[in-house]
Every structure is written in structure tokens, then in C-alpha cells.
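Student: build the 3D model from these lines:
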Amino acid sequence: MTRTALLLAALLALPAPGAAFDLVIRGGRVMDPESGLDAVREIGIRDGKIAGLSENPLEGEVVLRADGLVVAPGFIDLHEHGQNATSHALHARDGVTTALDLEVGAWPIPPFYAAREGRTLVNFGVSVGHIPARVKLKDGFSIGHLPTAGQRGFRGWLLGLVQRFYRPTAYAVEPASAEERETLRDLLAEGLDAGALGIGMGLAYTPAADAEEVRAVFALAAARGVPVFVHMGAADGSEDTRPIDDVLGHAETTGAALHVFHLGSSGGAQAAEYLRRIRAARARGVDVTTEVYPYTAASTYIESALFDEGWREKRGLDYGDLQWAATGERLDAESFARYRKQGGMVILHSMKAEWVDPLVAAPDVIIASDGMPYVEDKVHPRGAGTFSRVLGRYVRDAGAISWMDALAKMTLLPARRLEAMAPAFRQKGRVRVGADADLTLFDPARVIDRASFEDPWQPSAGIVHVLVGGRFVVRDGENVPDVAPGRAMRARADR
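Tutor: Next up, the predicted model:
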């Protein structure tokens, strides 16, 4: 090649003079947990990606002033049951750009993704659920995404009608035969083939699933290179460590990756010991992570197996520790029996701050909300306020953890949990050139949760701007109407 040709090629490789980014974010304090960057930088966004990161001014078609704001990766929630538009609007106001239900999950998988493609505010994804697969196996129908309340269209209406007059119970109380275990394995494998982000298990809700069945699920996950996301079985009293020992044992013997949900509510008074055992297993080479939400109350459905006979003795709770979400009333024996027959959401005031706070402050424990769907008047406020609560109360007010460590727990750690089998997550949870422009801009002086048990619909404060794929979903502290930049998050097809 001649010198003239070389010079021409070099000139063509340069950006055109005055070429602009689609958007430039100027003057913000950029915090990237992966690199440790904590400095004022200009961010240039083009085609939904971070295309420029500079100390010097960048040119953009639109320039957003972010003086006084932290510019962080968008928050990734691994544990969010609210997979509907109303819930997503509140998630975005809490800084969440990717909301995944990896616990209950769904079965079958294709309808879950099809119903949300091109229609969501934030990125979405799901595990293939052991519970809904067991419903198919034992109760004979496909429940889809189990928290079905609020689903639109004929399918949502039909599922609601079925659940009203026929509540599935066999999935929870009937053991599986050897032949049924093979069928269950096939159902779960089918979900993985469709792109599910792993296998979700709610062992506290399926007490009939014995050790052999559980181990077979772990073995499938190991063979397919996906994690098992587990709500552990119920402990038999406050000193029982078998729930954590069981799941760690299955992970170690099969080689499956493991994620343990809500260590605060599942571990209770033993939460610190559970975390110690998780860390010891990790030191032995087990691929295990865990999470916590920053509240001392849990929430679930009163008709579930969690409240089968003996629940008070096993959990160390009494009727008065339960609060009926719809009315706020504390329960007694009579109201418990009545509401259990009716079915619905209940709040469990089951934890103490000294159990939860060290987990929130621990740098290796992911933050995840376990948010319930916003389709009823009263739900647990964690679906609207988890991330701002950590930033406002634990970082700024209490100084229990640094800004960077807290952000890592909300962004980089959950991305790393998933990126081995879902490569799209390698471009999330970071602020660097080439990463997806999923960004949360917040005011560190004002960020705080406002949702409460009395008014769980209050969005967080201090989350000023949120972008998903370079498009605003929150601007100047308000949801942007009529946008749907959320994308499906799936596992890679060649697992």
C-alpha cells in the first residue's frame, strides 16, 4: 500500500469533524465498581452504548448536565416478582434498569418473554421455575409466571379464574415418583432450551420435594452450566442450619453454581452463621452467592406451605407477628384461619435489625428486593424502595458501607453472577466504553426510599435520571411516558 493510500485509510478511520454523540452526560461524578473510577467524567452515548468516557468535553446532540449527581451503572435486581408495567415504573424510580424473577420463575418460558418483548420499561428475564414446573407435573396445568395477578388479556383472566376456584396444592404436598422426576427434569430442560437464566427453586413452598429430587435439579443445572437460584427449605427451629447445609451440599457434590435468596429472612437469627458457611464453601471452590433486602419484615402468600401446621414453632413466630397486607391488621388465630382459607398476601415481622444490617453492609452480599407485584392496594414496600433505602439509610445516613461497595452490590456483583451463561451481562453493571448505556443518576444528598407499609406505592426520591439502552425512562425524577426500551435477557443458546 502506498503512503497516499495509508494516509487516506488513516483519515477515513477518524471520526468526522464535529461528529456528535446521541447524548453527552456532563459534570457527573462517575462511579464504576469494576474499575474503581470515582471522578467527574463526560460520558458519550451512541446507539444505546457508552461510546465515550473522557476528562475533556465531548460533543453531543443532547447534553445533560449532571452536576452534583452520581452517575452509576443501572441497578440489576435478581429477585423481583413484579413483572408488570406498574411494578416496572416503580423499579425505574428506584434506579433499577434490569428486573429479573429468578426465584419462582416461570413455566413455560416462551410466553413470558413473548408477552413482554417491546413492551417494557426495563430489561427483564426469568428462570425456569421448579414450582410452576411442579404445578404442571402434579396439578396438570401451565401456570406461566406464578404471580399471575394483573396479567392482561384472556390468559390472565383465565388463570385468575382458575386460581380463584381451584388452588393448586398437589405441587407442594405430593412426592414425585422416579418417573415423575424424569418428567420434571424434561420440563426444566425445556425451559433452559428456551433461554431461561437458570433454575429457580422455592424449597420452602415445595416440602414434598425430597433430597433426591432436589439433587437431580442441581445435577441438571450443573450439566447445562446454569445456576440454581434457591429459596431454602424451612428451618426446624432457630438453631437449625440444615437448610443452608443441604443446598451447599448439593452444589458441592454436583458442581452446580448456587445463589441463595434473601439470607436475612431465610437465615433469621442464624443469618451470620449461614453467611459464614457460604463463605467457607466459596473458599473450598463452590460457586455460591447470596443476597439480602434491607427490611426486617418479609412477605408471602398466607395459603402457601410456609404456614402449614407447626409454622409457629419452626419459625419462632406467633399470629400477632403477621400483618394482613390489605388492611394492615395484625392477625390472631381466628383471622389467620379465615385469611388462610381465602388466600392473599401477608407481611411477616420476623427479623431483627441486628440480623439484617450486617448483611446489607457486607461487600459480598448482593442487594435484591424480592419485590411483590404491584397489583393490589397494599404490598411490601421493598419492590419500590430497596435500592434507594440502601443508598440513603445505610450509606449516607449510617455510614455502614461505602458508596462504591454499595453500588457494586447492586450492579457489578449481580452482573457477574449471570454473565458466564448470559454474556449480555458482561456489558451491564459497568460504566466503561462498550458497555450498555443502562445508567442511574442520583443525588447522594437526597436519595431515599419513601414507600412504607402504610403507603407502599410511593416512589423513591433522589433518583433523578435513569437510562435503559441510552433512552430515558426516568427524567428529572419522573417516569417518561410511552417508552419501552427494555430488552429480554436470556441465557446463551449453546450451554
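Student: any regions of the stretch 1-150 of the chain where pLDDT drops low?
Tutor: Within the stretch 1-150 of the chain, the set of residues satisfying pLDDT under 70 comprises 1-19, 146-150.
Student: show me where it has its strands.
Tutor: In the stretch 1-150 of the chain, the strands defined using DSSP state E, counting those that start in this stretch lie at 21-32, 37-46, 49-54, 60-65, 70-73, 75-77, 96-107, 123-129, 144-145.
Student: out of these, which is closest to Gly486?
Tutor: Evaluated over the strands of the stretch 1-150 of the chain, closeness to Gly486 peaks at strand 123-129, with 5.0 Å, by CB to CB. Any C-beta I mention is one placed from the backbone N, CA and C, and that applies to glycine too.
Student: and that closest one, C-alpha only, in PDB?
Tutor: In PDB, the C-alpha atoms belonging to strand 123-129 read as follows (Å, rounded to 0.1, in the frame of the first residue of the first chain):
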ATOM      1  CA  ASN A 123     -34.800  -5.100  30.900                       C
ATOM      2  CA  PHE A 124     -36.500  -8.400  32.000                       C
ATOM      3  CA  GLY A 125     -35.800 -12.100  32.400                       C
ATOM      4  CA  VAL A 126     -36.700 -15.200  34.200                       C
ATOM      5  CA  SER A 127     -35.500 -18.600  35.500                       C
ATOM      6  CA  VAL A 128     -37.400 -21.800  34.700                       C
ATOM      7  CA  GLY A 129     -39.200 -22.400  37.900                       C
END
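Student: what about the stretch 251-400 of the chain, any weak spots by pLDDT?
Tutor: Scanning the stretch 251-400 of the chain for pLDDT under 70 picks out 376.
Student: which stretches of it form strands?
Tutor: If DSSP E, counting those that start in this stretch is used as the criterion, the strands of the stretch 251-400 of the chain fall at 257-260, 288-292, 298-301, 322-324, 345-348, 366-367.
Student: for this protein, which helix is longest?
Tutor: Among the elements of the chain assigned as helix by DSSP state H, the one spanning the most residues is helix 178-193.
Student: give the buried residues for that helix.
Tutor: The neighbour-count check on helix 178-193 (16 or more other CB atoms under 10 Å) flags 181, 184-185, 187-192 as buried.
Student: Ala424 and Ala491 touch, don't they?
Tutor: No. Checked against CB atoms under 8 Å, the pair Ala424 and Ala491 is beyond contact range at 9.4 Å.
Student: the two - which one has more neighbours?
Tutor: Higher neighbour count among Ala424 and Ala491: Ala491, with 26 against 19, using other CB atoms under 10 Å.
Student: can you pull the contacts of the more buried one?
Tutor: Under the criterion of CB atoms under 8 Å, 6 or more residues apart in numbering, the neighbours of Ala491 are 192, 195-198, 226, 421-422.
Student: which helix or which strand is home to it?
Tutor: According to DSSP states H and E, Ala491 maps onto no helix or strand at all.
Student: how near is it to Ala114?
Tutor: Taken as CB to CB, to the nearest Å, the spacing of Ala491 relative to Ala114 amounts to 17 Å.
Student: same deal with Asp449?
Tutor: As it turns out, when the distance is counted by CB to CB, Asp449 lies 33 Å from Ala114.
Student: ok, those two, which is more surrounded?
Tutor: The neighbour count for Asp449 versus Ala114, taken as other CB under 10 Å, is higher for Asp449 (25 against 9).
Student: so that one is in contact with Ser460, correct?
Tutor: Yes. Counting by CB under 8 Å, Asp449 does reach Ser460; the two are 5.3 Å apart.
Student: mutual contacts of the two, please.
Tutor: With contacts taken as CB under 8 Å, 6+ apart, the residues that reach both Asp449 and Ser460 are 94, 384-385, 388-389.
Student: biggest separation within these, which pair?
Tutor: With distances taken as CB to CB, the most widely separated pair in these is Ala384 and Arg389, at 9.6 Å.
Student: those two: who's more crowded?
Tutor: With neighbours defined as other CB under 10 Å, Ala384 and Arg389 compare such that Ala384 has more, 31 against 25.
Student: show the contacting residues for the nearest residue to the more buried one once chain neighbours are set aside.
Tutor: Once its chain neighbours are removed from consideration, Ala384 has its nearest residue in Ala451; the separation is 3.8 Å (CB to CB, 6 or more residues apart in numbering). Contacts of Ala451 were listed using CB under 8 Å, 6+ apart, and they are 90, 381-385, 457-460.
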